[in-house]
Every structure is written in C-alpha cells, then in structure tokens.
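Asker: got a predicted model here, sequence first, then my questions.
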Amino acid sequence: MEKESRKYRDPFEGMSFKGSPVSKEEYLAAYESYVDRCSGSDELVVGTTVISFEQKKVLLDGKELRGVTDIEIRKHASDIADVTMKLKAYIKGLDVA
C-alpha cells in the first residue's frame, strides 16, 4: 500500500522487537500505559525516564547525552514495569592508559 493512501501512520516503522509478540489482548490492555509514557503526553508516569532521539542525538529526559556509543534496553519477560537500560559512552579525558 502506498504511504499517501494509508489512513494511519505506522508508529513502529523502522523499529523491531526482540522475542515473541505479546497477545493482542495484552497489547491492547497496555495502550493506556503506552500513552502515559509518550513524551508528548501532558503528564508522564511518576518515576518514568524518557529516552528519545532527535537529529542523531540521544536525549535522556530532554537533556543530550554526549559520547553514547551503545544503548541496551532489557525488559523482564513477566513484568512490564521492570526495565533495565545500559548506556555505553566515550568520555574524553577518562581514557584508560
């Protein structure tokens, strides 16, 4: 289907997800949580950290993270709230000699 003729944009375009998909029921049940976690939302869930990407920059809660070389995000299989994020970065002046 041509992009111009689509009624809705694909919010997952350019993304892939590791592992098996959740059921349609679980996916639909998580919709409100997804809306709350969107950075355009009026109010984010308390304690939520927002990572975003803009013009080849990595932003954490709206602040640029410089020198990021790798990002790993892991979610515990049975708990949608249990997420671990690791950032690897090159920081000038902290090189190991």
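Answerer: Received the coordinates, thanks. Just so it is clear, the model here is predicted, and its values are computed rather than measured. Numbering: from 1, shown residues only.

Asker: helix/strand/coil for Ser16?
Answerer: Under DSSP: H, G, I helix; E, B strand; the rest coil, the three-state class of Ser16 is coil.

Asker: separation between it and Glu32?
Answerer: As judged by Cβ to Cβ, to the nearest Å, Ser16 and Glu32 stand 24 Å apart. Backbone N, C-alpha and C define where each C-beta goes, glycine included.

Asker: of these two, who's got more company?
Answerer: Glu32 (9 against 5; other Cβ atoms under 10 Å).

Asker: tell me which element that one is part of?
Answerer: Following DSSP states H and E, one finds Glu32 within helix 31-37.

Asker: now for the following helix or strand past that helix, which elements pack on it?
Answerer: The helix or strand immediately downstream of helix 31-37 is strand 51-54, counting by DSSP H and E. With contacts taken as 3 or more Cβ pairs under 8 Å, 6 or more residues apart in numbering; DSSP states H and E, strand 51-54 sits against strand 57-60.

Asker: which residues are in contact with the strand it packs on?
Answerer: For strand 57-60, the external contacting residues (Cβ atoms under 8 Å, 6 or more residues apart in numbering) are 49-53, 64-65, 68, 71, 87.

Asker: count of neighbours near Glu13?
Answerer: Neighbour number of Glu13 under other Cβ under 10 Å is 7.

Asker: just the buried residues of the contacts of strand 57-60.
Answerer: Among the contacts of strand 57-60, none scores as buried (criterion: 16 or more other Cβ atoms under 10 Å).

Asker: can you put the residues you listed in TSV and add pLDDT?
Answerer: Output for the contacts of strand 57-60, formatted as TSV (pLDDT from 0 to 100):
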residue	pLDDT
Thr49	71
Val50	73
Ile51	76
Ser52	79
Phe53	80
Glu64	84
Leu65	81
Val68	80
Ile71	80
Leu87	76
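
Asker: many thanks, have a good one.
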